[in-house]
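Colleague: Structure of the sequence below:
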Amino acid sequence: GELYVISAEHGLGVGELEEALVRALPERTEGDEDDALDPEVPRLAIVGRPNAGKSSLTNRLLGEDRQLVDDRPGTTIDSIDTLVELGGAPYVLIDTAGIRRKRAVRKEGGVEGLSVMKAIRSMERSQAVVLLVDADEGVAEQDAHLVGLAVDRGRALVIGLNKMDLLDNERRKKALASCKEVFAFAPWAPVIPVSAKSGRGCTKLITTIAAALVEHKKRIGTAEMNRFFEEVLEHHPPPTQKSRAVRLFYVTQASTQPPTFVAMANEPKLVHFSYQRYVVNSIRDRFGFEGVPVRVFYRKRRRRDDD
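Modeller: All right, here's what the predicted structure looks like:
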């Protein structure tokens, strides 16, 4: 082949090399589609602490040893996207570097700090997140932090409790109970026991992810929503705050991914947080939304809203 003389450090000759690479690529035909760039293909970020088994799970879902797996933490240092078909539907899997506590990353610095930043950004560009937890080591505070990051970004969330094949029945029960306790602030997130090594539970993990993505895009009609809201107000009206009666007039779904609702009120700042939680729980009881965060914002009703 032709020889190209370049300097990677100074960029000399790199332009000519790029042009040669483009010429060497096969021409695209009219029927070609780049599914990895298709915005309709959901992106699934697999996150967790170091050595939780993220690359092993990625290889299991891909059906081949594509990612390097090692018992030593830190094997994966970059977020890697791979197009795959799971359960008959296309996904872009994003295998990420293990995310340790900020204090530990700051101490190490360098490559690990960049890896963690890329892992967090992978959550931001995904529609769904799988948090993989090492059941053998136990659920940690950092796992709860990662769930919080996914919730803050409004992502569909499924928790995979990995390495369950290493535990006896008693330790399995303790691991599930620990998940329930540590992730109490997100009880809507399904916890699926899996073994990335043997593949046990992976089919259920895939179907749970698919169901969560459907819920992530679910939209409830305004008329149906307000019929439900009338029942909520009749059963449990908002309590009076600071000697002022709080009234809620109607609610509508403003957006999806995540499901976001807006409730019009006379005194939105006086809606107590416990009543806000009651409204969210009532929405979940009626409409589901398992595996996704639900947001409800309270706005002050203006006169023109009634026109």
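Colleague: At which residues are the helices of the stretch 201-307 of the chain located?
Modeller: Secondary structure of the stretch 201-307 of the chain (DSSP state H, counting those that start in this stretch): helices at 202-216, 222-235, 273-287.
Colleague: Can you lay out these as TSV showing mean neighbour count, distance to Gln127 and mean pLDDT?
Modeller: Yep, even glycine has a C-beta here, placed from its N, CA and C like the rest. Shown next, in TSV, are the helices of the stretch 201-307 of the chain (neighbours: other Cβ atoms under 10 Å; distance: least, Cβ to Cβ, whole Å; pLDDT from 0 to 100):
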stretch	mean neighbour count	distance to Gln127	mean pLDDT
helix 202-216	19	6	96
helix 222-235	14	23	94
helix 273-287	15	19	95
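Colleague: Let me have those helices in TSV, extended by distance to Leu93.
Modeller: Below are the helices of the stretch 201-307 of the chain laid out as TSV (distance: least, Cβ to Cβ, whole Å):
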stretch	distance to Leu93
helix 202-216	11
helix 222-235	35
helix 273-287	28
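Colleague: which one of these lies closest to Leu62?
Modeller: helix 202-216 (11.2 Å; Cβ to Cβ).
Colleague: Outside of that closest one itself, list whatever touches it.
Modeller: With Cβ atoms under 8 Å, 6 or more residues apart in numbering as the test, helix 202-216 has contacts from 42, 44, 57, 60-61, 86-87, 89, 127-128, 130, 156-158, 160, 190, 192, 194, 196, 256-259, 288-292.
Colleague: filter the residues you listed to the buried ones?
Modeller: The neighbour count (16 or more other Cβ atoms under 10 Å) marks 42, 44, 57, 60-61, 86, 127-128, 130, 156-158, 160, 190, 192, 194, 196, 258-259, 288-289, 291-292 as buried among these.
Colleague: Now, those that are in helices?
Modeller: By the criterion of DSSP state H, membership of the buried ones among the contacts of helix 202-216 in helices covers Leu57, Arg60, Leu61.
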